[in-house]
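Asker: Any chance you can model this:
(one chain, ligands or ions: 1)
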Amino acid sequence: MIELVELTKRYGSTLAVDGLSFEVRPGVVTGFLGPNGAGKSTTMRMMLGLHRPTSGRALVGGRRYDEIRHPLHEVGAVLDADAAHPGRTAFVHLACLARSNGISRARVHTVLEQVGLSNVADKRVGGFSLGMRQRLGIAGALLGDPGVVILDEPVNGLDAAGIRWIRSTLRALAAQGRTVLLSSHLMSEMAVTVDRVLIIGKGRLIEDTSVAEMRDRFERDVLVRTPRAAALTTVITRLGATVTTTGDGDLIAVGVDAPAIGDAAAAAGIPVHGLTPRSATLEDVYLQMTDEAAEYRASTEGIAR
Ligand code: ADP
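Answerer: This is a model prediction of the structure:
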């Protein structure tokens, strides 16, 4: 498990991470989300002992990273897909990492197999595509069979097949009972990959919730199709709904849920041909949550003309 207690990092006048406290639990994939500059990388670097917190603590399995004797056995991380030397082969890169933590060469072959790079094990990393470099990074993270896996923006720049591979790999790791944390600045990418989300903005925690809760919380309205729109409008307005009409003659009801509308229509003998609860997309919800905290905002003025 990863535990942050009032974690804070200041760079001169910039408060990059501002009193963050949360837990990342095993068995699920947790997404660490926030706009660019929100403090995600800084937080992950503190979890991995690469930056010293100004105050507060980041603990992995109850200890600070720099207190762990053979860290690859406890925490696997990919902060940068380009961390491997381009002149080394995939095998040599992993063998060096393995050696530093007392891990066997046989294990190197196992992880290369696991990430699907066995047939390029003896090729130089410099010739690898971004997707292959991401796979190599993950192979390195898995070398010590760690209980915690931390990935910074692992799907950035990947093609659809690469994203699908990362998604299924992370789900499998979580299903084995590991703690899996990955960061992203895109909600759409995360919605299908993670179970829980931790959303930060300007170094502060905005949300700690599940993707399912996030969807439920932002149900917006119900689209109703009926040949007797006027009659149904009267009935559901009585239930307390606010009703508007679309250009196609469908009704949009706010303030009552779909089952209540269906029941009321049935009781009044009004036929209903369609009843669709609609929610804001997760991307809408996320942008709304983080709008205040976005550090960089593009102006569309001038482009729209
Ligand atoms: P994210 O990963 O969410 O995009 P970062 O953790 O990279 O955000 O950055 C958080 C804030 O800290 C930003 O304002 C960034 O400019 C600042 N920052 C990050 N690293 C440094 C550094 N080494 N020196 C000074 N400021 C930094």
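
Asker: what about residue 22, which SS state?
Answerer: Secondary structure for residue 22, judged by DSSP: H, G, I helix; E, B strand; the rest coil, is strand.

Asker: And residue 63, how close does it get to the ligand?
Answerer: When CB to the nearest ligand atom, to the nearest Å is applied, the distance between residue 63 and the ligand equals 23 Å. For every residue, glycine as well, the C-beta is placed using N, CA and C.

Asker: tell me which element residue 278 falls in.
Answerer: Using DSSP states H and E, the element containing residue 278 is strand 274-279.

Asker: Past that strand, which element shows up next along the chain?
Answerer: Remark: after strand 274-279, the chain's next helix or strand is helix 282-290, criterion DSSP H and E.

Asker: can you tell if that following helix touches the ligand?
Answerer: No: on the criterion CB under 6 Å from any ligand atom, helix 282-290 is out of touch with the ligand, staying 10.7 Å away.

Asker: Does residue 81 touch residue 129 like I think?
Answerer: No: the pair formed by residue 81 and residue 129 falls short of the contact definition of CB atoms under 8 Å, at 10.3 Å.

Asker: okay, those two: which has more neighbours?
Answerer: Relative neighbour count places residue 81 above the other of residue 81 and residue 129, with 23 against 11, counting by other CB atoms under 10 Å.

Asker: For the more buried one, list the residues it contacts.
Answerer: Residues in contact with residue 81 (CB atoms under 8 Å, 6 or more residues apart in numbering) are 130, 133-134, 136-137, 154.

Asker: Identify, from the residues you listed, the entry nearest to the ligand.
Answerer: Proximity of those to the ligand was ranked by CB to the nearest ligand atom; the top entry is residue 154 with 13.3 Å.

Asker: So the closest one is in contact with residue 131, correct?
Answerer: No: no contact is recorded between residue 154 and residue 131 when judged using CB under 8 Å, the distance being 10.7 Å.

Asker: These two - which one has more neighbours?
Answerer: For residue 154 versus residue 131, neighbours defined as other CB under 10 Å are more numerous around residue 154 (26 against 17).

Asker: Look up phi and psi at the residue in the chain sticking out farthest from the centre.
Answerer: Computed with CA atoms, centre = their mean, the residue of the chain farthest from its C-alpha average is residue 269, at 46.1 Å. Torsion angles at residue 269 (phi, psi; degrees, to the nearest 10) stand at phi 70, psi 30.

Asker: mind checking how far it is from residue 174?
Answerer: Computed with CB to CB, to the nearest Å, the distance linking residue 269 and residue 174 is 50 Å.

Asker: how much space is there between residue 19 and residue 142?
Answerer: Between residue 19 and residue 142 the distance is 33 Å, computed by CB to CB.

Asker: Look at those two and report which has more neighbours.
Answerer: The residue with more neighbours, out of residue 19 and residue 142, is residue 142; 21 against 15, by other CB under 10 Å.

Asker: Tell me who's in contact with the more buried one.
Answerer: Contacts for residue 142 (CB under 8 Å, 6+ apart) come out as 76, 111, 114-115, 149, 173.

Asker: now residue 115
Answerer: Applying CB under 8 Å, 6+ apart as the definition, the contact partners of residue 115 turn out to be 135-136, 138-139, 142, 169.

Asker: my guess is residue 209 contacts residue 196, does it?
Answerer: Yes: between residue 209 and residue 196 there is a contact at 7.1 Å, judged by CB under 8 Å.

Asker: Name all residues that make contact with residue 140.
Answerer: Residue 140 is in contact with 76, 78, 83-84, 93-94, 97, 111, counting by CB under 8 Å, 6+ apart.

Asker: Write the ChimeraX selection for whichever of these are buried.
Answerer: In ChimeraX, selecting the buried portion of the contacts of residue 140, with burial taken from 16 or more other CB atoms under 10 Å, looks like this:
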select :76,78,84,93,94,97,111
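
Asker: Just name the closest of the contacts of residue 140 to residue 105, please.
Answerer: The shortest gap between residue 105 and any of the contacts of residue 140 belongs to residue 94, at 8.9 Å (CB to CB).

Asker: pLDDT at that closest one, what is it?
Answerer: Among the per-residue scores, residue 94 shows a pLDDT of 95.

Asker: Show me what the helix or strand containing it is packed up against.
Answerer: Assigning secondary structure by DSSP H and E places residue 94 in helix 90-100. Here helix 90-100 touches helix 105-114, helix 130-142, going by 3 or more CB pairs under 8 Å, 6 or more residues apart in numbering; DSSP states H and E.

Asker: just the ones you listed: most buried one?
Answerer: With neighbours defined by mean count of other CB atoms under 10 Å, none of the helices and strands packed on helix 90-100 is more surrounded on average than helix 130-142, at a mean of 22.
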